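Visitor: quick one, fold the following:
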Amino acid sequence: TMRTSQQILELVATQSIDFGFADLDIQLAKRTGFFTAESFSSRCFCALPTAHGLGQKTAISWQDLHDQPMGGLQSSHWLQKRIHLAFQAQGTRYNQVIESQFFIPLLQFVAQGQCCAIVDPLTVASEQQSGLNRGAVVFRPLVEDLRYDCAIFVPRLRPMSQLARRVKEGWKAEILKIMN
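Guide: Got it, this is the predicted structure:
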């Protein structure tokens, strides 16, 4: 089941799950009395339609994306706020034409040539492993580093079973592989 980061943090804070993986939104993570967080950070990427002219570049700048049709997360999402600030800092216009709650659905619009999108490294790995868009999307690093932060959250008051601990450690190893 796909859940939002806020839903996952609620489940962890109420001690309802053994652990959860979610975006590390500082505002949401302030309730540290109820859980611990092991955080990870990695670069974001630009998702482009394969036929897009920018796909020939090795890295994408904010200036390259000036006025390009863009897909993005909801405006209240912390990463979307960082993206807006990055565009503003470079004096470029962010032209968001598609809004989504999650990154993966945005790739369908990118594949159809309707927009470009700034995405997290986990979305890049998911697309590369699944091939869902059949090679119609390419990913390029950003010239200016924009970080995606996430964490494994563990309830502070709920003892973790040995099985849950092994699953969590396996998940952590996979995340580290993807993000490094």
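
Visitor: next one: stretch 41-59 to chain centre, how far?
Guide: Relative to its parent chain, stretch 41-59 has a centroid offset of 15 Å by CA atoms, centre = their mean, to the nearest Å.

Visitor: how about it: buried residues?
Guide: Residues 42, 44-49, 52, 54-55 are the ones in stretch 41-59 that count as buried (16 or more other CB atoms under 10 Å). All C-beta spots, glycine's among them, are computed from the backbone N, C-alpha and C.

Visitor: contact partners of it?
Guide: For stretch 41-59, contacts defined as CB atoms under 8 Å, 6 or more residues apart in numbering pick out 60, 64-65, 68, 79, 106-107, 110-113, 116-121, 123-124, 127, 135-143, 145-150, 178-180.

Visitor: residue ranges with poor pLDDT in this protein?
Guide: The model of the chain has pLDDT under 70 over residues 1, 26-32.

Visitor: which residues of it fall in strands?
Guide: Assigned by DSSP state E, the chain shows strands spanning 20-23, 35-43, 45-49, 69-73, 95-100, 116-119, 137-141, 147-155.

Visitor: got the CA coordinates for the third one in CSV?
Guide: Once non-C-alpha atoms are left out, strand 45-49 reads as follows in CSV (Å, rounded to 0.1, in the frame of the first residue of the first chain):
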residue,chain,number,x,y,z
PHE,A,45,17.6,14.3,-11.0
CYS,A,46,15.8,15.8,-13.9
ALA,A,47,13.5,13.5,-15.8
LEU,A,48,13.2,14.3,-19.5
PRO,A,49,11.4,12.8,-22.5
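
Visitor: now do that strand against strand 147-155, angle only.
Guide: Orientation of strand 45-49 against strand 147-155 (axes from the mean of the first three to the mean of the last three CA atoms, to 10 degrees) gives an angle of 110 degrees.

Visitor: strand 45-49 pairs with which strands?
Guide: Sheet pairing of strand 45-49 (DSSP bridges) gives strand 116-119 (antiparallel), strand 137-141 (antiparallel).

Visitor: and if you look at the fourth one?
Guide: Partner strands for strand 69-73, per DSSP bridges, with pairing direction: strand 95-100 (parallel), strand 116-119 (parallel).

Visitor: can you put those strands in TSV and add mean neighbour count and distance to residue 10?
Guide: Listed next are the strands paired with strand 69-73 as TSV, based on neighbours: other CB atoms under 10 Å; distance: least, CB to CB, whole Å:
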stretch	mean neighbour count	distance to residue 10
strand 95-100	15	21
strand 116-119	27	25
